[in-house]
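J.: just a sequence and a predicted model for now, questions to come.
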4 protein chains.
Amino acid sequence: MNLTKEQQQEIKDQQSQKNSTKRVTAPELEKILYEALPVLDHGFIRVVDYMGDDTSVVQSARVSYGKGTKKVSTDSGLIKYLMRHWHSTPFEMCEIKYHVKLPIFIARQWIRHRTANVNEYSARYSILDKEFYLPTNENLAAQSQNNRQGRGEVIKGDQAKQVLDLLKNDAQRTYENYETMLNQRYDGSTIDENKIGLARELARMNLTLNTYTQWYWKTDLLNLMNFLRLRADSHAQYEIRAYADLMLDTLKKWVPITYEAFMDYRVGGTEVSSKGKEIVKKLIKGEKISLEDSGLSKREWNELMNAFDLNDKVIE
Amino acid sequence: MNLTKEQQQEIKDQQSQKNSTKRVTAPELEKILYEALPVLDHGFIRVVDYMGDDTSVVQSARVSYGKGTKKVSTDSGLIKYLMRHWHSTPFEMCEIKYHVKLPIFIARQWIRHRTANVNEYSARYSILDKEFYLPTNENLAAQSQNNRQGRGEVIKGDQAKQVLDLLKNDAQRTYENYETMLNQRYDGSTIDENKIGLARELARMNLTLNTYTQWYWKTDLLNLMNFLRLRADSHAQYEIRAYADLMLDTLKKWVPITYEAFMDYRVGGTEVSSKGKEIVKKLIKGEKISLEDSGLSKREWNELMNAFDLNDKVIE
Amino acid sequence: MNLTKEQQQEIKDQQSQKNSTKRVTAPELEKILYEALPVLDHGFIRVVDYMGDDTSVVQSARVSYGKGTKKVSTDSGLIKYLMRHWHSTPFEMCEIKYHVKLPIFIARQWIRHRTANVNEYSARYSILDKEFYLPTNENLAAQSQNNRQGRGEVIKGDQAKQVLDLLKNDAQRTYENYETMLNQRYDGSTIDENKIGLARELARMNLTLNTYTQWYWKTDLLNLMNFLRLRADSHAQYEIRAYADLMLDTLKKWVPITYEAFMDYRVGGTEVSSKGKEIVKKLIKGEKISLEDSGLSKREWNELMNAFDLNDKVIE
Amino acid sequence: MNLTKEQQQEIKDQQSQKNSTKRVTAPELEKILYEALPVLDHGFIRVVDYMGDDTSVVQSARVSYGKGTKKVSTDSGLIKYLMRHWHSTPFEMCEIKYHVKLPIFIARQWIRHRTANVNEYSARYSILDKEFYLPTNENLAAQSQNNRQGRGEVIKGDQAKQVLDLLKNDAQRTYENYETMLNQRYDGSTIDENKIGLARELARMNLTLNTYTQWYWKTDLLNLMNFLRLRADSHAQYEIRAYADLMLDTLKKWVPITYEAFMDYRVGGTEVSSKGKEIVKKLIKGEKISLEDSGLSKREWNELMNAFDLNDKVIE
């Protein structure tokens, strides 16, 4: 990750602020506020603003339940209860805003989470940075043979080199041709004084999907957790997971009690279907179970067995 | 507006906080943070949290437009430009949270603004306060004769007294019967030790729609302005306008530049239809206009004439 | 449920339509289209329009996965897969619209589901019907002693009679006073020719929360299931569950395959937290478990035991 | 636009459906249902489903206003009234679903309209088509000199040829290298039996932004109009406008009365700010106006003069 001098100065200025407020603050999050945390080869995430903390969740819940919540003595107990029973609206009462630099193909996955506010760098107005994502060697995975959307083993040797060369050369060439069409280089200098440049909104179409873009992305605590549940999951594409993993850290610094409940009930938990429950009941009673009698597909059967570490019952 | 001692203490505690933060702050808004601003006879609004200020709008816009915004020299110029051209996403980057006490029939109007987060006091869990809205004499308006959803002249004398008595007595009686059914008084004391009370989720159905409820309501700056545009408008019901007017003040304290642009382009502005434009063009040229040739309905014609203070052209 | 002659005629007219379309249709749902299905004492739900069926879910999923879905041979297998893995967007591709008549206190719960479109009868414009909800004897439940938002045993005898009388008399009296204030009776006739009536937007505040209102409510299949999951649940208030139960029937008629997957994975399923999984693993292995070592609260422990019918392990 | 035989057959099958329904239908829209309407060089839009028509808007509005709407005699009058006064919820009661094939850089603009449902072809699961957008000669515009996001004159001659060659060659080469990395050709054939292919989710990053993707996109009538208002506007990028223009035609076929009101009040109308109103009032009275006294910026002044065709008052 390379920050321009301008960006470094902006971050320094932001971090040197010391304002007084009557609002609640999240001291651990304040420590890393505005900091550019590196992700992938040129990306970053920065927490640039937030509103509320664990006590804000509790406060809203207590307004809802009124005198009725007095019995639940601790904040932690109440937050766990809310998480377990999907009483989700109190978690909407906190808000966070990130500045993210990320490859376009990842931005396209990310944007599908609609309950968020976004301001993206516009390539209609301005020229995109000359930066594109190239996977590291250990992330250069082959297509999985049994999972249509997954990765298999790592590609090595000559083929790895070939792939990386192709990615790199194509990104570079298309970017240079982008400059040629614009008649302008990334640094703003004109290439040929006697020519006019193609409209930026057209020239951008020549860029490859690993070109980096950036945006401000703001969401509430509930929708952040919905995002992280999907994107920090092992089935998510590695490149978006790299962002989500780092955001999990910021979640922990921001709302540590909510984070703990989230990890217990959402990330580390599992869902069991109606048919799955019957199997688990039999397993507990020590009764015999079989795929045939279960009503489950083989795939579903294996997912259930894996969820409870019953590796000997997984069917190849 | 009567606050309980408990509430007064809570507000005092919140206001005595003095936290240090690297986030941007809105100094004018900080001054009234947590304060209960009275509305109607028992209602209030309190700003309980916020995120961002005018510079946050600008910051997001500059990320979008990149180097392309350098030409727009001032924050004020940029905010005006955004407002005028409905570039609305930068206004979503600020967030505000209110604690509101309001009559149920107003809450039912308010909740129709869906892009907001809400935690309302639950009458399934807890007993509602013994407080209900009664209009002041000058707000006791008759049904408008020419506007199906509007108010006409003020009702006076004996009829006014009768209406207020009916409202007061019915609210009081239904509340007392609510207590009887619950077998519990508002202060929590049991009425008859030998009886069990009706479920709160059922007993509440006996209350009248002017009973006060309360909620935490959080929204972003764009949607706050959408709310205020409709609800601070002269066509809005007086009782919700009373809240909206006060919220306009908080908007001004929070984001003064955005407030000014909002008043100029949204609140004080007008829309002119395609057909209306033709009329205005003719008026400017000094040409003759007539309802018949305009393609407008009489109502629409009058709305247009009123918008430009052409009172002599309004048709009865 | 009483329908006016006008309403009966409207329904008859709607049902006698026989239009030709190239769109997919849901034959079982067509059979009950427009029909007013009674709920509670005066309420109803009517399916008044819909878009798509099970094949629309499949069609969208196949567009997403492209050639990659060829392996999943059946529509049913694909829908189950989508449901199990929370691939929720294909379920957003179907839409349904209901006309619902319901008490206001239930409407207030219902409206909290924000991802829906609503047009409610406006008491600013028009006079509300003289109809209010009164529970039947078997639904006149006492407040639960151990669940703040639940019901306990049924109230009987004199106290039941007293409660019903209070509810009935208060609703009737407040409605009559509403008419007095409006100076207009429900049938539209003026009460006193020499008086003007109070504005409708004010008079309505005198009505009790069991007064019936009505609305058109439109949502997509995914959000309908989210609604039903919460509102057809045994913890939901009986009065909204009565609506949800009937809507489950319409779901089955509309999209039978999705319905089946929904019942298996959502309604009949359970969630197990990270800590809960450890307990279940021990139970399967026949190891000893105890509340103390589990890290669960007593309440959570009991929820887990109940989920798997381990009644002997529930702790009082 | 080239459709595969498979697609042609699917469309034929869909169009040959003749189902009977009690739902309202839009006969003009039925005529083009499922048809692939060509846009740009390889794109298309197809209306694949819809719900409701103009009468559905009216029906919902009449439920809201109750007996209060009886005075508005015609459907057309009511729809105009709703449009003029931003009573927007009745327009949410209709729904439409499109199948769209479009270049990725346009998809990225389009997706910013969040209130819609989307299922996009996934390049994690499947290989993208070998099709990319190349502008026609008359759309090969230079960057505007005075509008950061606009286009200027058309680029011609050698430079035009050079630009088109660059776009074409880069798209082709990057696609071929995509195939090489996948070790699979577009038709599904394996390139080298002794190699494994790179994961699809990685290989796709090599494609340029003018590669075509496709999706199902569903929205309600209100949000469709919000989309069209922005994207059929002369300031929208030509390539998305090409889609929006065609969608305007489908809007007209679907809900002709709403379409007419939309064109009059939204598309053909204009907004006048508070300060702008003062200028217009002076113009009507024949009073002198000047930029200096107006409080407007030069840009805003010109926008106002252009809106009312006062070309002689535009200031260079």
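T.: Happy to help now that I have it.
J.: use CA for all of it now, contacts and neighbours both
T.: Noted.
J.: ignoring the adjacent residues along the chain, who's closest to A:Asn302?
T.: A:Val314 (5.2 Å; Cα to Cα, 6 or more residues apart in numbering or on different chains).
J.: got it, and A:Arg231?
T.: Among residues not flanking A:Arg231 along the chain, A:Arg241 sits closest, at 5.5 Å (Cα to Cα, 6+ apart).
J.: what strand or helix carries A:Met247?
T.: Assessed by DSSP states H and E, A:Met247 sits inside helix A:238-254.
J.: can you pull out the strands in the stretch 151-300 of chain A?
T.: A:151-154, A:212-220, A:270-272 (DSSP state E, counting those that start in this stretch).
J.: tell me which of the ones you listed is the most buried.
T.: Stretch with highest mean neighbour count among the strands of the stretch 151-300 of chain A: strand A:212-220 (a mean of 23; mean count of other Cα atoms under 10 Å in any protein chain shown).
J.: show me what it is packed against.
T.: Here strand A:212-220 touches strand A:95-103, helix A:104-110, strand A:117-120, helix B:54-65, going by 3 or more Cα pairs under 8 Å, 6 or more residues apart in numbering or on different chains; DSSP states H and E.
J.: isn't A:Leu198 right up against D:Ile155?
T.: Yes. Contact status for A:Leu198 versus D:Ile155: in contact at 7.5 Å, counting by Cα atoms under 8 Å.
J.: these two - which one has more neighbours?
T.: Comparing A:Leu198 with D:Ile155 by other Cα atoms under 10 Å in any protein chain shown, the one with more neighbours is A:Leu198, at 29 against 22.
J.: now the closest residue to that one other than its chain neighbours: how far from A:Thr25?
T.: The shortest distance from A:Leu198 to any non-neighbouring residue, by Cα to Cα, 6+ apart, is to D:Ala142 (4.2 Å). Using Cα to Cα, to the nearest Å, one obtains 50 Å as the distance from D:Ala142 to A:Thr25.
J.: for A:Asp309, same thing?
T.: Distance from A:Asp309 to A:Thr25, by Cα to Cα: 41 Å.
J.: higher neighbour count, these two?
T.: A:Thr25 (19 against 14).
J.: show me what contacts the more buried one?
T.: With contact set as Cα atoms under 8 Å, 6 or more residues apart in numbering or on different chains, A:Thr25 has these partners: A:51-53, B:19-21.
J.: now A:Asp309
T.: By Cα under 8 Å, 6+ apart, A:Asp309 lies in contact with C:Lys281.
J.: state the helix or strand in which it lies.
T.: Judged by DSSP H and E, A:Asp309 forms part of no helix or strand.
J.: nearest residue to A:Asp53 other than its sequence neighbours?
T.: A:Val255 (5.5 Å).
J.: what's the burial count for that neighbour?
T.: Using other Cα under 10 Å: A:Val255 sits among 21 other residues.
J.: in terms of contact, does it touch A:Ser56 like I think?
T.: No. Using Cα under 8 Å as the test, A:Val255 is too far from A:Ser56 to be in contact (9.8 Å).
J.: kindly provide the distance from the closest residue to A:Tyr212 other than its chain neighbours to chain B.
T.: Using Cα to Cα, 6+ apart and skipping residues adjacent in sequence, the residue nearest A:Tyr212 is A:Pro103, 4.1 Å away. Distance, A:Pro103 to chain B, by Cα to the nearest Cα, to the nearest Å: 16 Å.
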